[in-house]
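Trainee: following is a predicted model, sequence given first.
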Number of protein chains: 2
Amino acid sequence: MRISHEELVQLITREVARQLETSDAAKYPSPEDVARDGFACNVSARHGHLSVDDVETLFGKGQRLTPFKWLYQKGQFASEQIVQIVGPRSSIRNVRILGPERGKSQFEISQTEARALGVVPPILQSVNHGTGAPITIVGPKGSIHIEALIRAKRHVHLHPDEASLMGVKDGDEVAVEIPAGDQGLVFYNVLIRTHPDFHAEMHIDTDEGNAAGVTDGAKAFFLSPRSNICRICK
Amino acid sequence: MRISHEELVQLITREVARQLETSDAAKYPSPEDVARDGFACNVSARHGHLSVDDVETLFGKGQRLTPFKWLYQKGQFASEQIVQIVGPRSSIRNVRILGPERGKSQFEISQTEARALGVVPPILQSVNHGTGAPITIVGPKGSIHIEALIRAKRHVHLHPDEASLMGVKDGDEVAVEIPAGDQGLVFYNVLIRTHPDFHAEMHIDTDEGNAAGVTDGAKAFFLSPRSNICRICK
């Protein structure tokens, strides 16, 4: 049996689409699963977001961020691009840029790193507001000095369906339990952020991850009157 | 009026004793105050404890630790002696030794520092067991290689009267709330250690302190059915 070129292209296209769909379903649990079994808790190590202009200043005219590894949130990636961030007391090499490019540049570090650098970044939402403490960023082709260094406020990404099922909404601040192992804890004041592109995932910084003993596959749970499970008072 | 040399010595001795007693009472709240208002939560930055033999190897024959600053726990001090600790990936200068000397040497760091050094210390009680991961300690007069690097398990020092008033005992592991500010949290599995020389004080490492937003004067509370205050479920 022989098939035409067009038929072959169609077959391949359909198979790729099917596999993409399968892998998406395999990658992301259903809202019901999330509500029952908890959501992923991942540590955001120090990183930066860059505007297109700043990418060109740091890496050269016409350059763009290129994917090194895809992240849990759809379309987000750790890029191949890395920079050095320089504070008054010391500097940190190998700070990875996350892609794609954003409207404004912003860098996120832990308090341990802030003390080493000699800077006092505010705790802010890790969204695209482009404000923060002053910091110098050095790339292979140039450097920038921006007032956009922050510590990211701990937060949970949720799809609106997941949020509604678990009784929380965008902008809420809730208590989240990370019960795993000997270093279990409850974080108060965890910000809820919802968007149709989001899938349930908590983001904390390295200090918080170390305090909670978070390793790959760690799960987190809402701990509030609504959730009806308090492991402290039950 | 003239007083004799002996009378003067007596007067001074009595006045010093009175002031010491006053300052002790001022420094340490009563068990009732602690039970009602919470206990001090202090961050233990990286530090070491040394045996007399190791003090002599690192600082010279006949040398002893000398007080630089007295700590909250009676008789304990940050010494004037500092060393460098050296791991396979990097080293950390200016690691302070706490005094007085102990039976065995031991060093305590955070997980952030462990990763930078390239070592994997176990989480153990910060008492005098003298076991842990291998590490090299370098002083001005010599160096030692010991298997005694740990991450200290978070814990609360209590006088037996304080423990009994709050319904906990030596060896218990309890939930402790640090409610201060935007970074409030609850640590599970906090070890209780009691001794007649202790005064109520929680010790956490720098990662944990940063995660909880702990600053000078931070207070901690037991959060358990016994304490009858759960800020999550109430």
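Mentor: Good, I have the coordinates.
Trainee: need the residues of chain A near chain B, please.
Mentor: Taking CB under 8 Å from any CB of the partner chain as the measure of proximity, chain A contacts chain B at A:110-112, A:123, A:153, A:175, A:179, A:182-189, A:204, A:206-208, A:210-212, A:223-225, A:230, A:232-233. All C-beta atoms are positioned from the backbone trio N, CA, C, and that covers glycine.
Trainee: just the residues you listed: which are in strands?
Mentor: Taking DSSP state E as the definition of strands, the residues of chain A next to chain B contribute A:Ile123, A:Ala175, A:Leu185, A:Val186, A:Phe187, A:Tyr188, A:Asn189, A:Ile204.
Trainee: tell me the bridge partners for the fifth one.
Mentor: This points to A:Phe187. Applying DSSP bridges to A:Phe187 gives these bridge partners: A:Val176, B:Leu185.
Trainee: hang on, it packs against A:Ala175?
Mentor: Yes - between A:Phe187 and A:Ala175 there is a contact under CB atoms under 8 Å: 7.0 Å.
Trainee: give me the more crowded residue out of those two.
Mentor: Each of A:Phe187 and A:Ala175 has its neighbours counted (other CB atoms under 10 Å in any protein chain shown); A:Phe187 has more, 26 against 23.
Trainee: and the pLDDT for the more buried one?
Mentor: At A:Phe187, the model reports a pLDDT of 94.
Trainee: against A:His195, how distant is it?
Mentor: Look at A:Phe187 and A:His195: by CB to CB, to the nearest Å, they are 21 Å apart.
Trainee: show me where chain A has strands.
Mentor: Going by DSSP E, chain A shows strands at A:39-43, A:47-49, A:67-70, A:77-86, A:91-99, A:106-108, A:123-124, A:133-138, A:143-152, A:155-158, A:173-178, A:185-194, A:201-204, A:219-222.
Trainee: quick one: the second one to chain centroid distance?
Mentor: Right, strand A:47-49. Offset of strand A:47-49 from its chain centre (CA atoms, centre = their mean, to the nearest Å): 10 Å.
Trainee: packing partners of it?
Mentor: Here strand A:47-49 touches strand A:77-86, strand A:91-99, strand A:106-108, going by 3 or more CB pairs under 8 Å, 6 or more residues apart in numbering or on different chains; DSSP states H and E.
Trainee: so which of those strands is the most packed in?
Mentor: Stretch with highest mean neighbour count among the helices and strands packed on strand A:47-49: strand A:106-108 (a mean of 24; mean count of other CB atoms under 10 Å in any protein chain shown).
Trainee: name the surrounding residues that touch that one.
Mentor: Strand A:106-108 is contacted by residues A:44, A:46-49, A:85, A:95, A:126, A:128-130, A:132, A:135, A:137, A:146, A:148-152, A:205 when judged by CB atoms under 8 Å, 6 or more residues apart in numbering or on different chains.
Trainee: which of those residues are buried? Put it as a ChimeraX command.
Mentor: Only the buried entries of the contacts of strand A:106-108 go into this ChimeraX selection, using 16 or more other CB atoms under 10 Å in any protein chain shown:
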select /A:44,46,47,48,49,85,95,126,130,132,135,137,146,148,149,150,151,152,205
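Trainee: any stretches of chain A with poor pLDDT?
Mentor: For chain A, the stretches flagged by pLDDT under 70 are A:1, A:16-26, A:128-130, A:224-234.
Trainee: gap between the two ends of stretch A:168-175?
Mentor: End-to-end distance for stretch A:168-175: 11 Å, by CA to CA, to the nearest Å.
Trainee: a markdown table for the strands of chain A, including distance to B:Phe77?
Mentor: Output for these, formatted as a markdown table (distance: least, CB to CB, whole Å):
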| stretch | distance to B:Phe77 |
| --- | --- |
| strand A:39-43 | 36 |
| strand A:47-49 | 40 |
| strand A:67-70 | 48 |
| strand A:77-86 | 36 |
| strand A:91-99 | 33 |
| strand A:106-108 | 38 |
| strand A:123-124 | 34 |
| strand A:133-138 | 35 |
| strand A:143-152 | 32 |
| strand A:155-158 | 41 |
| strand A:173-178 | 36 |
| strand A:185-194 | 31 |
| strand A:201-204 | 35 |
| strand A:219-222 | 40 |
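Trainee: out of the ones you listed, which comes closest to B:Gly142?
Mentor: strand A:91-99 (32.2 Å; CB to CB).
Trainee: how far off centre is the closest one?
Mentor: In this view, strand A:91-99 has its centroid 14 Å away from the chain centroid, taken as CA atoms, centre = their mean.
Trainee: and for stretch A:68-78?
Mentor: Using CA atoms, centre = their mean, the offset of stretch A:68-78 from its chain centre is 9 Å.
Trainee: buried ones in it?
Mentor: A:Gln73, A:Phe77, A:Ala78.
Trainee: just these now: which is nearest B:Asp33?
Mentor: Nearest to B:Asp33 among the buried residues of stretch A:68-78, counting by CB to CB, is A:Gln73 at 47.7 Å.
Trainee: distance to B:Ser4 added to the helices and strands packed on strand A:47-49, as CSV?
Mentor: Formatted as CSV, these follow (distance: least, CB to CB, whole Å):
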stretch, distance to B:Ser4
strand A:77-86, 67
strand A:91-99, 66
strand A:106-108, 71
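Trainee: tell me which of these sits nearest to B:Ile3.
Mentor: Nearest to B:Ile3, of those and by CB to CB, is strand A:91-99 at 64.1 Å.
Trainee: show me what the closest one is packed up against.
Mentor: Against strand A:91-99 (3+ CB pairs under 8 Å, 6+ apart) you get strand A:47-49, strand A:77-86, helix A:111-117.
Trainee: and that strand, which strands flank it?
Mentor: Here, using DSSP bridges, strand A:91-99 pairs with strand A:47-49 (parallel), strand A:77-86 (antiparallel).
Trainee: give the contact list for A:Thr66.
Mentor: By CB under 8 Å, 6+ apart, the neighbours of A:Thr66 are A:Ser79, A:Glu80, A:Gln81, A:Gly99.
Trainee: could you rerun that using 10 Å?
Mentor: Residues in contact with A:Thr66, defined by CB atoms under 10 Å, 6 or more residues apart in numbering or on different chains, are A:Phe59, A:Phe77, A:Ser79, A:Glu80, A:Gln81, A:Gly99.
Trainee: can you check A:Ala35 too?
Mentor: Neighbour list for A:Ala35: A:Pro29, A:Glu162, A:Leu165, A:Met166, A:Gly167, A:Ala200, A:Phe221, A:Phe222, A:Ser227 [criterion: CB under 10 Å, 6+ apart].
Trainee: just A:Thr136 next, same as before
Mentor: Listed by CB under 10 Å, 6+ apart, the contact set of A:Thr136 reads A:Val83, A:Gln84, A:Ile85, A:Val86, A:Gly87, A:Pro88, A:Ser91, A:Ser143, A:Ile144, A:His145, A:Ile146, A:Leu149.
Trainee: so what's it bridging to?
Mentor: Counting by DSSP bridges, the residues bridging with A:Thr136 are A:Val86, A:His145.
Trainee: any idea how far it lies from chain B?
Mentor: 22 Å (CB to the nearest CB, to the nearest Å).
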